[in-house]
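Asker: Predicted coordinates and the sequence they were generated for:
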Amino acid sequence: MTIYLPIAELSVNIFIILGMGAAVGFLSGMFGVGGGFLITPLLIFYNIPPVVAVATGANQVVASSVSGAITHFRRGSLDMKLGIVLLIGGLAGATIGVVIFSWLRRLGQLDLIISLLYVVFLGTVGGLMLVESLRAMRRASRNETISLKRPGQHNWVHRLPFKMRFKKSKIYLSVIPLLALGFAIGILTSIMGVGGGFIMVPAMIYLLRIPTNVVVGTSLFQIIFTTAYTTIVQAATNFSVDIVLAFVLMVAGVIGAQYGVRVGQKLRGEQLRALLGLLVLAVGVRLAIELVLPPVDIYSLAIGG
């Protein structure tokens with residue numbers, strides 16, 4: 001059964017799109033990530049134009065993040081003040097990112113840049129996650145313990161000016177690194193269609209020393225509004241959001257996430273990180289192979305309007 005995607009301008013098998021959405025939703029529920037860094041490459045593999053894959057993939061990040069943020073808000077593990085500071089940086093970054101996105105599209109280099117960014121991005125993150133998780137599993141098998149710095153201990157970040165007190169997180173921190181982190185995530189959201197949670201969360205914990213119990217909910221809060229803003233601006237500026245594709249992905253993703261959560265609860269943290277690291281690396285390698293292999297159709301013909 002095929003459906004026509006009006007913005008992508010091609011017909012696709014609806015069951016394959018449903019399968020993609022359900023699979024990414026399952027992984028999102030299992031690993032606790034938005035899934036934008038997976039759905040965009042998968043859409044590109046299925047010959048969805050990268051400009052449409054990036055803009056439309058952000059919708060699934062919004063859908064998968066809303067329920068999580070609401071849950072954290074109810075539990076009191078969402079620092080609204082901290083989230084708003086991150087959001088200010090995120091909206092600024094997303095605006096600049098859309099400008100860069102449009103510029104690259106006019107130059108005709110957008111597809112190449114997106115693929116290169118994903119290869120570097122996924123390769124680096126996946127490799128680091130895999131190494132860290134394997135070390136954690138070895139330590140667990142030997143019953144070894146590792147001493148981590150506690151949240152609140154100071155490093156160079158805490159010596160920066162323009163500090164603000166965040167009562168929910170119980171920290172006194174400069175807004176400069178918070179705005180910079182939000183800005184970077186905003187740019188990534190616009191250009192690559194990712195929510196950036198799996199970069200933001202480690203940065204908030206290990207670099208900014210923000211207590212872990214408020215990190216996830218606060219990150220989700222920022223991601224929701226940044227990705228929603230990016231989707232609206234992309235739709236208005238580049239006309240690249242395919243509503244039909246977005247709807248099918250979101251419906252399948254919500255269903256898949258319910259089962260992913262159940263499976264994820266049965267695995268240990270280091271096992272989950274190792275599996276996710278392998279998955280991220282596999283997607284990165286697949287994209288790298290696509291870049292170096294010669295295309296099946298070297299030449300293409302199109303009728304000019």
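Answerer: Sure thing, it's come through.
Asker: Neighbours of residue 159, how many?
Answerer: By other CB atoms under 10 Å, 9 other residues sit near residue 159. (Glycine included, C-beta is placed from N, CA and C.)
Asker: What of residue 27?
Answerer: Residues near residue 27, counting by other CB under 10 Å, number 23.
Asker: gap between it and residue 262?
Answerer: To residue 262, residue 27 is 13 Å away according to CB to CB, to the nearest Å.
Asker: For the host helix or strand of residue 263, buried residues please.
Answerer: Using DSSP states H and E, residue 263 sits in helix 243-264. For helix 243-264, burial by neighbour count (16 or more other CB atoms under 10 Å) applies to 244-246, 248-250, 252-257, 260, 264.
Asker: With distance to residue 165 and pLDDT as added columns, please give these in TSV.
Answerer: Shown next, in TSV, are the buried residues of helix 243-264 (distance: CB to CB, whole Å; pLDDT from 0 to 100):
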residue	distance to residue 165	pLDDT
244	47	86
245	44	84
246	39	81
248	45	84
249	40	82
250	38	79
252	43	81
253	38	77
254	37	75
255	42	80
256	40	79
257	35	73
260	37	73
264	35	64
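Asker: between the residues you listed, which is nearest residue 72?
Answerer: Ranking the buried residues of helix 243-264 by separation from residue 72, with CB to CB as the measure, puts residue 257 on top at 15.7 Å.
Asker: Just to check, the closest one is in contact with residue 26?
Answerer: Yes. Residue 257 is within contact range of residue 26, at 6.7 Å (criterion: CB atoms under 8 Å).
Asker: what does the average pLDDT come to for whichever strand or helix holds residue 86?
Answerer: Per DSSP H and E, residue 86 falls inside helix 80-107. Averaging pLDDT along helix 80-107 gives 86.
Asker: Tell me the helices and strands packed up against that helix.
Answerer: Applying 3 or more CB pairs under 8 Å, 6 or more residues apart in numbering; DSSP states H and E, one finds that helix 80-107 makes contact with helix 110-141, strand 163-166, helix 175-192, helix 212-237.
Asker: Any chance of CSV for the ones you listed, columns mean neighbour count, distance to residue 48 and mean pLDDT?
Answerer: Supplementary listing: the helices and strands packed on helix 80-107 in CSV, determined by neighbours: other CB atoms under 10 Å; distance: least, CB to CB, whole Å; pLDDT from 0 to 100:
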stretch, mean neighbour count, distance to residue 48, mean pLDDT
helix 110-141, 17, 11, 78
strand 163-166, 14, 40, 80
helix 175-192, 23, 15, 84
helix 212-237, 23, 15, 78
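Asker: quick one: which of these is nearest residue 46?
Answerer: Going by CB to CB, the one of the helices and strands packed on helix 80-107 nearest residue 46 is helix 110-141, 14.4 Å.
Asker: tilt between that closest one and helix 175-192?
Answerer: 120 degrees (axes from the mean of the first three to the mean of the last three CA atoms, to 10 degrees).
Asker: Go through the helix holding residue 86 and flag the buried ones.
Answerer: Neighbour-count burial for helix 80-107 flags 82-83, 85-91, 93-95, 97-98, 101-102, 104-105 (criterion: 16+ other CB under 10 Å).
Asker: Please apply the same query to stretch 12-28.
Answerer: Buried residues in stretch 12-28, counting neighbours by 16+ other CB under 10 Å, are found at 12, 17-18, 20-28.
Asker: contacts for it?
Answerer: Applying CB atoms under 8 Å, 6 or more residues apart in numbering, the contact partners of stretch 12-28 are 1-3, 5, 33-35, 38-39, 42-43, 46, 48, 60, 64, 245, 248-257, 259-260, 263, 276, 279.
Asker: chain center to that stretch, what's the gap?
Answerer: Computed by CA atoms, centre = their mean, to the nearest Å, the chain-centroid distance of stretch 12-28 equals 17 Å.
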